[in-house]
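[1] no FASTA, just this:
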């Protein structure tokens, strides 16, 4: 694995500097069809159905740098916002996500905003930065690959530049408006010597060899036998360019990924609630998402066909074991709403007619009777059990079982019968306003049986592409070592 070299003051700097590591550069769009020559997936290497010797990025591969059938090969690389991913839940045209703009017209993408801070408000990534300046031409190029690596865009480090030259992530001349520029994210920097905390990115650079940020031989098809860690076997920062366009940014269709803790309770999954069970989530990731071709230009490289890719090819038993593992991430104190996860009393407005809180708790209770608020009572430190709430453990969304159920839906189901009616839940009450279709007479408390728990429909627990793929890989290795023992 990669060495952990950051500690002390360097660690403090890494954590506290503005927007540090909010932007990263890495491969993109691992081919959904592995290369038949070696069984591996390559970035931007989707098979070309026309059979021509051009990979998915539209550029003829260089035979000396790409193994196997070049129609399946590629070197795609891009800048991304850290923690947000396009995993192919919906087509980009329907769900643009981080590719949109805020209410003031600025991009939601931190990587795009970073490039605008370097190239000007009108600059759009994917083309050379007009502010990139070369001052050391060579006999074969207008730019020296070392002296002009960052084009004069960034401030030199505090070290003696004659002894230890380098530049940091702060722009020399920020070009966003003064009210925005100080908060724009910095470009990614190195995490190991000799470029520790220095710019580790090939701005205005094309790199036609697939490399992850910082290392070439610990993941992927470049050298499957590679075992050296990042600090000992990696490309230099100036080589970390993008492909097939300079300054490429992947942002469209990307959404923020949540953690996997208590994932059992946080369905339905993905930002649109499209998956009901954890097995459906596992199947989604192992097949490479639902729209791998439609979203190819912005698809995260961790999303690949794990059923076919030679380093993954998950078996049925391994998929079941992965669901087992995910279910073990539930904290039973959360599931029973016990301290320190017991909840206070609160009142939730049900629609836009609910008035502002100018009346305190007594007024809230009066408005519950009017059907404007949902009353969620306090649960003490002893949790639902001690409070006598039914069920004693928080139910999953729509009552999905967490153990195999041959007569209904459970987290191990990929497809199955119509989900059962959700179980009744006590402890949450609301009322239907008098005279409504559901209550022609006076309002009376009813059980809010359909009230989602543990995040309900707003949950996106299935969106963590990186976490789930890495968990799958780790679990796969553990299972195989046990099987081989």
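    Cool, the structure landed. On a predicted model such as this, the values are computed, not experimentally measured, just so you know.
[2] isn't residue 394 right up against residue 338?
    No. Under the criterion of Cβ atoms under 8 Å, residue 394 is not in contact with residue 338, lying 10.9 Å apart. Glycine gets a C-beta too; all of them are placed from N, C-alpha and C.
[3] overlap in contacts of these two?
    residue 384 (Cβ atoms under 8 Å, 6 or more residues apart in numbering).
[4] what is the least confident helix or strand in this protein?
    strand 446-447 (a mean of 28; mean pLDDT, DSSP states H and E).
[5] just the strands from this protein, written as ranges.
    Assigned by DSSP state E, the strands in the chain fall at 23-27, 77-81, 84-85, 154-156, 167-171, 255-256, 346-349, 373-376, 429-430, 446-447.
[6] format the ones you listed as CSV; extra columns: distance to residue 120 and mean neighbour count.
    Formatted as CSV, the strands of the chain follow (distance: least, Cβ to Cβ, whole Å; neighbours: other Cβ atoms under 10 Å):
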stretch, distance to residue 120, mean neighbour count
strand 23-27, 18, 24
strand 77-81, 17, 27
strand 84-85, 24, 24
strand 154-156, 16, 17
strand 167-171, 11, 19
strand 255-256, 27, 18
strand 346-349, 44, 14
strand 373-376, 49, 20
strand 429-430, 53, 18
strand 446-447, 58, 13
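[7] how about the ones you listed in TSV, adding distance to residue 356?
    Output for the strands of the chain, formatted as TSV (distance: least, Cβ to Cβ, whole Å):
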stretch	distance to residue 356
strand 23-27	40
strand 77-81	35
strand 84-85	34
strand 154-156	48
strand 167-171	43
strand 255-256	30
strand 346-349	9
strand 373-376	12
strand 429-430	19
strand 446-447	26
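[8] mind listing the helices for the protein?
    Using DSSP state H, the helices of the chain run over 8-16, 110-119, 278-286, 316-327, 332-335, 360-369, 383-387, 465-484.
[9] weakest of the ones you listed in terms of mean pLDDT?
    The minimum mean pLDDT among these belongs to helix 465-484 (a mean of 44).
[10] any idea how far residue 100 is from residue 307?
    Here the criterion is Cβ to Cβ, to the nearest Å. By it, residue 307 lies 33 Å from residue 100.
[11] poorly predicted segments of the stretch 151-300 of the chain, please.
    Where the stretch 151-300 of the chain drops to pLDDT under 70, the residues are 191-193, 212-235.
[12] redo that, cut-off 50
    Residue ranges of the stretch 151-300 of the chain with pLDDT under 50: 214-233.
[13] and for residue 338, the neighbour number?
    19 (other Cβ atoms under 10 Å).
[14] excluding chain neighbours, what is closest to it?
    Take residue 338 and drop its neighbours on the chain: the residue closest to it by Cβ to Cβ, 6 or more residues apart in numbering is residue 383, 3.4 Å away.
[15] run through the stretch 1-150 of the chain and note the low-pLDDT ranges.
    For the stretch 1-150 of the chain, the stretches with pLDDT under 50 are 1-4, 47-59, 61-68.
[16] mind redoing it with 70?
    Filtered on pLDDT under 70, the stretch 1-150 of the chain yields the residue ranges 1-20, 46-73.
[17] and the nearest residue to residue 296 once chain neighbours are set aside, how far from residue 374?
    Distance criterion Cβ to Cβ, 6+ apart; nearest residue to residue 296, sequence neighbours excluded, is residue 29 at 5.1 Å. Going from residue 29 to residue 374 by Cβ to Cβ gives 44 Å.
[18] residue 114 too?
    Taking Cβ to Cβ as the measure, residue 114 falls 42 Å from residue 374.
[19] also residue 343?
    13 Å.
[20] how about the residue nearest to residue 296, phi and psi?
    phi 60, psi 60 (degrees, to the nearest 10).
[21] number of nearby residues for it?
    So residue 29, with other Cβ under 10 Å, has 30 neighbours.
[22] mind starting the numbering at 35 from now?
    Understood, numbering begins at 35; the last thing we discussed is residue 63.
[23] picking up where we left off before, show me the one of the strands of the chain that comes nearest residue 161.
    strand 111-115 (13.5 Å; Cβ to Cβ).
[24] contacts only, for the closest residue to residue 339 other than its chain neighbours.
    Distance criterion Cβ to Cβ, 6+ apart; nearest residue to residue 339, sequence neighbours excluded, is residue 322 at 4.3 Å. Neighbour list for residue 322: 66, 122, 337, 338, 339, 340 [criterion: Cβ under 8 Å, 6+ apart].
[25] can you get me a residue count around the third one?
    This points to residue 337. Neighbours around residue 337, by other Cβ under 10 Å: 26.
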